[in-house]
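Colleague: Below: sequence and its predicted model.
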Amino acid sequence: MSKKELDLFFLTNINQPPEHHIYTVSQLTASIKEILEAGFSNIWVEGEISNFNTSSAGHWYFSLKDKVGGQEAVIACAIFNRAVSKIKFKLENGLKVICYGSLNVYPPHGKYSLVVESIQPKGIGSLQLALEQLKKKLEKEGLFAVERKRPIPYLPSCIGVVTSPTGAAIRDILKVLERRFRDIHIILAPARVQGEGAAEQIAQAIEECNRFNELVPANKRIEVLIVGRGGGSIEDLWAFNEEIVARAIYHSKIPVISAVGHERDVTIADLVADMRAATPSVAAELVIPPKEDLKGKIADLRERMHRQFQDLVVLGWDNLQDVYRRLRLATVHIWELDARRLDSAVRKLQLLNPAVVIPGHIDKIMNIARRMAVRLAHILEIKQARLVASIQQLEGLNPLNILSRGYSVTFFAKDMSILKEARLVKKGDILRTRLYKGQITSTVTEVHDGRD
């Protein structure tokens, strides 16, 4: 049922007298569900986000509200996780958006909601909003701070390049380096630079270049890293606006040049990198100066050295003689200072001579050993005396010594408890008597408890 047909249905039925037909709640709700879901499918709804929250399953829930003529209206909305993954920006309360989806009626609660399939911010593109949101987040964390940016090494011997192996970027970089300085070593870390999964591959390639440096000698390490691609639309370049790439650049121990082929827009990678280049070709030019410039600098240095040498000759023989005299005096002074230092060092070494020091320490050790031997002997005598006394005390307390004088101990055979009084036994009880040597088992035939 179209919206026009639905409106006509309500207009023609709203004032009709009710028929004598009783609906069950389920029937009424099912009819409403059928009418609303059929009439309001694939619709666009504009409003302001409120009560935004997420679930553990990855679904997003929020309300859309607006206010017309002082009357506020609210509708519940849901974006399920299959649609969430397609949304580039982050939803926030107060954000005005336009949602595309369909009405859904939930019979158990008798409520309806809008199931959103896609959403875009009102007045600004979703990609642009996502970019601005990520910029604010990373800037707050300090990823764009100027003071953390590192200088690019001058004339590096090894350059790493993170880009597509089949794209124009690597060809442009190699062309510039070939023209400027052929002896540079290039290491290509291939990665997709566009489409799904590109950001993850770029970040992984940056991390692999850093791991490579940990495994090779210092003279074979990558000294600077060019990360980039050729130009394109904002969608084509979006991988360089992803947070995973920004953090990989931030954590790289190798200085990074961002070389994304665009002039007007600045990517997140540009802001985090140590240096930004407008194109991959410009990045190569920034890393390696022209060979002609290097030759010019060498020629300039040679000319300056030649002029300085001429100036030195022009100073004349007298000035050279004066320089020689001062040099000779300085040399003598230094020699005298070194001689005094050497003499002092010799005296210190004589005092510390092992042949002198060791005998004294040997005497000290022997004295300590003798004192220890005396003390140990004294302690041993004390311990032996205490041991003899303890043995004698134990001998005195030994119950067997008492039994040796003719005494004995009688027990009940059933539980081995000691018999102390005759009245505790009766005729027929089995007793055990412990003597000094051996024991006797007996049966009671007669008892005298001492009261007879």
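Modeller: Perfect, I can see it now.

Colleague: hang on, residue 433 in a strand?
Modeller: Yes: checked against DSSP: H, G, I helix; E, B strand; the rest coil, residue 433 lies within a strand.

Colleague: Tell me who's in contact with it.
Modeller: Contact partners of residue 433, counting by CB atoms under 8 Å, 6 or more residues apart in numbering, are 408, 409, 410, 411, 439, 440, 441, 442. (Each C-beta comes from the backbone N, C-alpha and C, glycine too.)

Colleague: Over to residue 226. Which of the three states is it?
Modeller: strand.

Colleague: ok, which stretches of the stretch 151-300 of the chain are strands?
Modeller: Using DSSP state E, counting those that start in this stretch, the strands of the stretch 151-300 of the chain run over residues 158-163, 185-190, 224-229, 256-260, 275-276.

Colleague: From the contact counts, what lies against the last one?
Modeller: The elements that strand 275-276 packs onto, with contact taken as 3 or more CB pairs under 8 Å, 6 or more residues apart in numbering; DSSP states H and E, are strand 256-260.

Colleague: Looks like residue 230 contacts residue 166 (just checking).
Modeller: No: the pair residue 230 and residue 166 does not pass the contact test of CB atoms under 8 Å, sitting 11.4 Å apart.

Colleague: So which of the two has more stuff around it?
Modeller: Taking neighbours as other CB atoms under 10 Å, residue 230 and residue 166 compare with residue 230 leading, 23 against 9.

Colleague: what's the more buried one sitting at in phi/psi?
Modeller: phi -80, psi -180 (degrees, to the nearest 10).

Colleague: I'd like the distance between it and residue 437.
Modeller: 110 Å (CB to CB, to the nearest Å).

Colleague: Which pLDDT does the model give the nearest residue to residue 156 once chain neighbours are set aside?
Modeller: Distance criterion CB to CB, 6 or more residues apart in numbering; nearest residue to residue 156, sequence neighbours excluded, is residue 223 at 3.6 Å. Confidence at residue 223, expressed as pLDDT, is 95.

Colleague: Please state the backbone phi and psi of residue 223?
Modeller: phi -100, psi -20.

Colleague: for residue 366, same thing?
Modeller: phi -70, psi -40.

Colleague: Report the contact partners of the residue nearest the centre of the chain.
Modeller: The centroid of the chain falls nearest to residue 251 when counting by CA atoms, centre = their mean (10.7 Å). Listed by CB under 8 Å, 6+ apart, residue 251 has no contact partners.

Colleague: any idea how far it is from residue 270?
Modeller: With CB to CB as the criterion, residue 251 and residue 270 are 17 Å apart.

Colleague: now the strands of the stretch 151-300 of the chain in a markdown table, with mean neighbour count and distance to residue 403?
Modeller: Listed next are the strands of the stretch 151-300 of the chain as a markdown table, based on neighbours: other CB atoms under 10 Å; distance: least, CB to CB, whole Å:
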| stretch | mean neighbour count | distance to residue 403 |
| --- | --- | --- |
| strand 158-163 | 26 | 96 |
| strand 185-190 | 16 | 94 |
| strand 224-229 | 28 | 96 |
| strand 256-260 | 28 | 96 |
| strand 275-276 | 20 | 102 |
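
Colleague: Select, out of these, the one closest to residue 88.
Modeller: Closest approach to residue 88 among the strands of the stretch 151-300 of the chain is made by strand 256-260 (17.7 Å; CB to CB).

Colleague: what's the offset of that closest one from the middle of its chain?
Modeller: 25 Å (CA atoms, centre = their mean, to the nearest Å).

Colleague: on that earlier part again, tell me how far the residue nearest to the centre of the chain lies from residue 209.
Modeller: From residue 251 across to residue 209, the span is 12 Å (CB to CB).

Colleague: right, and the helix or strand after the lowest-mean-pLDDT helix or strand in the chain?
Modeller: When the helices and strands of the chain are scored by mean pLDDT, DSSP states H and E, helix 3-13 comes last with a mean of 51. Next in sequence after helix 3-13, counting helices and strands by DSSP states H and E, comes helix 25-39.

Colleague: Just the buried residues of that following helix, please?
Modeller: 29, 33, 35, 36, 37, 39 (16 or more other CB atoms under 10 Å).

Colleague: again, but for stretch 236-251
Modeller: 236-242, 245-250.

Colleague: try stretch 146-156
Modeller: Those would be 152, 156, for stretch 146-156 by 16+ other CB under 10 Å.

Colleague: Please apply the same query to stretch 190-197.
Modeller: 191, 192, 193, 194.

Colleague: for those residues, which one is nearest residue 98?
Modeller: Out of the buried residues of stretch 190-197, the member with the shortest distance to residue 98 (by CB to CB) is residue 194, at 27.4 Å.

Colleague: Please look at that closest one and residue 236 and confirm they touch.
Modeller: Yes: with contacts defined as CB under 8 Å, residue 194 counts as touching residue 236 at a distance of 5.3 Å.

Colleague: How is this protein divided into domains?
Modeller: As assigned by automatic domain parsing, the chain contains the domains 3-123, 144-290, 398-452.

Colleague: What segments of the stretch 1-150 of the chain are strands?
Modeller: 43-54, 60-68, 71-79, 96-106, 111-121.

Colleague: Of those strands, which is nearest residue 343?
Modeller: Of those, nearest to residue 343 by CB to CB is strand 43-54, at 81.6 Å.

Colleague: pull the CA atoms of that closest one into PDB?
Modeller: What follows is strand 43-54, C-alpha atoms only, in PDB (Å, rounded to 0.1, in the frame of the first residue of the first chain):
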ATOM      1  CA  ILE A  43      11.200   6.400   3.400                       C
ATOM      2  CA  TRP A  44      13.500   9.300   4.300                       C
ATOM      3  CA  VAL A  45      13.100  10.900   7.700                       C
ATOM      4  CA  GLU A  46      14.800  14.000   9.000                       C
ATOM      5  CA  GLY A  47      15.400  14.800  12.700                       C
ATOM      6  CA  GLU A  48      17.800  15.300  15.500                       C
ATOM      7  CA  ILE A  49      19.500  12.400  17.300                       C
ATOM      8  CA  SER A  50      18.900  11.900  21.000                       C
ATOM      9  CA  ASN A  51      19.300   9.000  23.500                       C
ATOM     10  CA  PHE A  52      22.100   7.400  21.400                       C
ATOM     11  CA  ASN A  53      23.500   4.100  22.700                       C
ATOM     12  CA  THR A  54      25.000   0.900  21.400                       C
END
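
Colleague: That'll do, ta.
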